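> Following is a predicted model, sequence given first.
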Amino acid sequence: MSLFQVTFLVREYEEAIHFFVEKLGFKLMENIQLDEEKRWITVAPEIHNGLQLVLAKAEGEEQLKTIGKQAGNRVFLFLQSKDFWADYNRMKNQGIEFTETPRTEEYRTVVVFKDLYGNLWDLIQPA
């Protein structure tokens, strides 16, 4: 078995697609209309190990309340980079909000950033 998809709650499909494709540089893998309201949308980094995010439009008050807090205000997802400084500078130029300055530790170079809803991510390049 392998983990291949993770649900990522969004307010609106188009704003989420724009963020992931235009700002983060992900690929739009699937965009299928299921009915009048629901779509099956998956995105993944250009270079990926098969893991995709399923962009799911939140339904109901309970799901809407979790947007931006999918990990309880902890780092939610970890984006691995092969060229940290190039990715960091590209993301910064795209207006991505970073919560700190990049730091180099014994085992990695890392910086925390926010997605369009405020979920925290790590951009990491292992040492």
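Right, received. Where do you want to start? Numbers count the residues shown, from 1 in each chain.
> mind listing what's buried in stretch 58-69?
By neighbour count on 16 or more other C-beta atoms under 10 Å, the buried set for stretch 58-69 is 58, 67-68. C-beta: built from backbone N, CA, C; applies to glycine.
> meant to ask about stretch 98-116, not that
109-113, 115-116.
> Quick one: mean pLDDT over that stretch.
In this model, stretch 98-116 has a mean pLDDT of 97.
> Could you list the residues in contact with that stretch?
Under the criterion C-beta atoms under 8 Å, 6 or more residues apart in numbering, residues 15-16, 19, 23, 75, 84, 88, 91-92, 96-97, 120-127 lie in contact with stretch 98-116.
> What subset of those is buried?
Applying a neighbour-count criterion of 16+ other C-beta under 10 Å, the buried members of these are 16, 19, 23, 84, 88, 91, 96, 120-125.
> for those, which one is nearest residue 35?
Within those, the smallest distance to residue 35 is 18.4 Å, found for residue 16 (C-beta to C-beta).
> contacting residues for that closest one?
Counting by C-beta under 8 Å, 6+ apart, residue 16 has contacts 8, 10, 41, 55, 116.
> Please write out the alpha-carbon positions of stretch 115-125 in CSV.
Listed in CSV are the C-alpha atoms of stretch 115-125, where the atom choice follows Å, rounded to 0.1, in the frame of the first residue of the first chain:
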residue,chain,number,x,y,z
ASP,A,115,-1.1,28.8,1.9
LEU,A,116,-4.1,30.9,0.6
TYR,A,117,-6.1,29.9,3.7
GLY,A,118,-3.4,30.2,6.3
ASN,A,119,-2.5,26.6,6.7
LEU,A,120,1.2,26.3,7.6
TRP,A,121,3.6,24.4,5.3
ASP,A,122,7.4,23.8,5.5
LEU,A,123,9.5,24.3,2.4
ILE,A,124,12.5,22.0,3.1
GLN,A,125,15.7,20.9,1.4
